[in-house]
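**Student:** Take a look and give me a structure for this.
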Amino acid sequence: MIALSLAEIATVVGGQMHDIPDPSVQVTAPVVRDSREVEPGGLFVAFVGERADGHDFAPAVVEAGAAAVLASRPVGVPAIVVDDVQAALGALARHVVRRLGATVVALTGSAGKTSTKDLIAQVLQHKAPTVWTPGSLNNEIGLPLTALSATEDTRFLVLEMGARGIGHIRYLTGLTPPRIGLVLNVGTAHIGEFGGREQIAQAKGELVESLPSKDEGGIAVLNADDPLVRAMASRTTAKVVLFGESDEADVRAENVRLTDSGQPTFSLHTPSGCSDVTMRLYGEHHVSNALAAAAVAHELGMSAEEIATALSEAGTLSRWRMEVTERPDGVTVVNDAYNANPESMRAALRALVAMGKGRRTWAVLGKMAELGDEALAEHDAVGRLAVRLNVSKLVAVGGREASWLQLGAYNEGSWGEESVHVSDAQAAIDLLRSELRPGDVVLVKASRSVGLESVAQALLETGAEGEVAAR
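**Tutor:** Numbering: from 1, shown residues only. Below is the predicted model:
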């Protein structure tokens, strides 16, 4: 957080100061909404939630050193009181971003946002101090909190933007106006909420509509391999840069292959040169993510060699996204349980097969949420793909959607013992504990609500003697 006095914050957010003896006191530590994260000199934002009211924690956070509370009512300790806490938080973020003068890079897409954001952040860190969205805190609360974590030396602010409807991204770009906007893809994630891929494209394209013109330095980075994304070029006055494997892409990959362990290697081509990349991440889908990051970095002045080095060194920053861990007995656990949609399911299955050459492969899969009328067809298709890729074992976890996964596998290949439907995570744990053999590779993936990360964690704790080595 850049230093701001309580008086200045009150003016920015249109609030009234209550119980503040010295308005010149400065907020110098992060702005947080979790009382456990308060630091001396910080600002605590009191939201009223379904289970807890942040105002109840006001005395404790001030005692812990918070300079004040941003609240919707007086709380008996130093507070800036506003009508709408969320709107005030956004206004404060907008003010800080304007003061900073850092380059804001915003990205969106149906799949791969968090992995790509992590790659961009790691690459740009090689050039200058960079702040980025932690995990997937990409909504109207998480995004301004990220922006407010920037400091005076921050030069790049990399922000992931999520959307569950038309107008959501337009709102976020109003809080933190980007100079560079990246759209990864338009898939079927949240299609049940949007109503169709065209509506998803309309929502994602709000990002490029928000950019400054080409003459003002605006840059739209678009996926040349996705027709709905590429068509967004007509919706912006910014400079358009294309990435992908297409020959027409400005930043592209050639000679793409996977190493024996399933890690992508390719030749990176940019307008200023080319260089070879071998990634530490797993799965061919990371090639597109890497190209998106490379396109952003190239526009910010990095050479092909610098970008390739940074991409080759980059790892996983956000938990439960293709986390690959090998147990002492040789069982490899791939924890990709943070979330799932049809596109990411297909990518994860292909990565599993690439990693498991010559080994037994297990796909422990659960529901993909928010697919609406497409749910049956999409779950059936994932089950069928597991058969076509020759996954050794499919464990479908959960209720109706899991049964559709198993049905797809059966209809594609008349699978019998190769697939099993279990009721919940504990049943999956019990099955795997009894049947896993040394050398097996296990993928765990489902939508966040299923909670399959517990399966991965249990597998890493099962029979593990000595230190577990994470790759």
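
**Student:** With only the CA atoms kept, save stretch 430-449 in CSV.
**Tutor:** Below are the C-alpha coordinates for stretch 430-449, written out as CSV (Å, rounded to 0.1, in the frame of the first residue of the first chain):
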residue,chain,number,x,y,z
ASP,A,430,-10.4,-45.8,0.2
LEU,A,431,-10.4,-47.2,-3.3
LEU,A,432,-7.1,-45.7,-4.3
ARG,A,433,-5.4,-46.7,-1.1
SER,A,434,-6.2,-50.3,-1.8
GLU,A,435,-5.4,-50.4,-5.5
LEU,A,436,-2.6,-47.9,-6.2
ARG,A,437,0.8,-49.5,-7.2
PRO,A,438,4.2,-47.9,-7.2
GLY,A,439,4.8,-45.9,-10.3
ASP,A,440,1.1,-45.1,-10.9
VAL,A,441,0.2,-41.5,-11.9
VAL,A,442,-3.0,-40.1,-10.4
LEU,A,443,-4.8,-36.9,-11.7
VAL,A,444,-7.4,-35.4,-9.3
LYS,A,445,-9.7,-32.8,-10.8
ALA,A,446,-13.2,-31.3,-10.3
SER,A,447,-14.9,-28.0,-9.7
ARG,A,448,-14.0,-26.3,-6.5
SER,A,449,-17.3,-27.1,-4.8
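
**Student:** Now for this protein, the helix or strand with the poorest mean pLDDT.
**Tutor:** strand 469-470 (a mean of 40; mean pLDDT, DSSP states H and E).

**Student:** residue nearest the centroid of this protein?
**Tutor:** The residue lying closest to the centre of the chain (Cα atoms, centre = their mean) is Thr114, at 2.0 Å.

**Student:** Next, the buried residues of the longest helix that the chain contains.
**Tutor:** Secondary structure of the chain read by DSSP state H shows that its longest helix is helix 85-100. By neighbour count with 16 or more other Cβ atoms under 10 Å, helix 85-100 contains the buried residues 85, 88-97, 100. Placement of C-beta: from N, CA and C, glycine included.

**Student:** For the helix or strand that it is followed by, name the packing helices and strands.
**Tutor:** Once the chain leaves helix 85-100, the next helix or strand it forms, by DSSP states H and E, is strand 103-108. Applying 3 or more Cβ pairs under 8 Å, 6 or more residues apart in numbering; DSSP states H and E, we find strand 103-108 packed against helix 113-125, strand 156-160, helix 168-175, strand 180-183, helix 206-209.

**Student:** can I get these in a markdown table with mean pLDDT?
**Tutor:** Compiled in a markdown table, those are given as follows (pLDDT from 0 to 100):
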| stretch | mean pLDDT |
| --- | --- |
| helix 113-125 | 96 |
| strand 156-160 | 98 |
| helix 168-175 | 97 |
| strand 180-183 | 98 |
| helix 206-209 | 98 |
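
**Student:** Format these as JSON lines; extra columns: distance to Tyr282.
**Tutor:** Shown next, in JSON lines, are the helices and strands packed on strand 103-108 (distance: least, Cβ to Cβ, whole Å):
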{"stretch": "helix 113-125", "distance to Tyr282": "11"}
{"stretch": "strand 156-160", "distance to Tyr282": "21"}
{"stretch": "helix 168-175", "distance to Tyr282": "29"}
{"stretch": "strand 180-183", "distance to Tyr282": "22"}
{"stretch": "helix 206-209", "distance to Tyr282": "28"}
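
**Student:** Ser288 is nearest to which of the ones you listed?
**Tutor:** helix 113-125 (8.3 Å; Cβ to Cβ).

**Student:** following the closest one, which helix or strand shows up next?
**Tutor:** By DSSP H and E, the next helix or strand past helix 113-125 is strand 130-132.

**Student:** State the paired neighbours of that following strand in the sheet, together with their directions.
**Tutor:** Here strand 130-132 is paired, per DSSP bridges, with strand 156-160 (parallel).

**Student:** Could you chop this structure up by domain?
**Tutor:** With domains defined by automatic domain parsing, the chain comprises 4-83, 101-313, 323-470.

**Student:** Can you tell me which of the ones you listed has the worst average pLDDT?
**Tutor:** Mean pLDDT across those is lowest at domain 323-470; the value there is a mean of 91.

**Student:** centre of the chain versus it, how much separation?
**Tutor:** Between the centre of domain 323-470 and the centre of its chain there are 21 Å (Cα atoms, centre = their mean, to the nearest Å).

**Student:** go on, stretch 295-311?
**Tutor:** Computed by Cα atoms, centre = their mean, the chain-centroid distance of stretch 295-311 equals 21 Å.

**Student:** picking up where we left off before, using TSV, please lay out the buried residues of helix 85-100 together with pLDDT and distance to Gln426.
**Tutor:** Output for these, formatted as TSV (pLDDT from 0 to 100; distance: Cβ to Cβ, whole Å):
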residue	pLDDT	distance to Gln426
Val85	98	39
Ala88	98	44
Leu89	98	39
Gly90	98	42
Ala91	98	46
Leu92	98	44
Ala93	98	42
Arg94	97	46
His95	97	49
Val96	97	46
Val97	96	46
Leu100	94	48
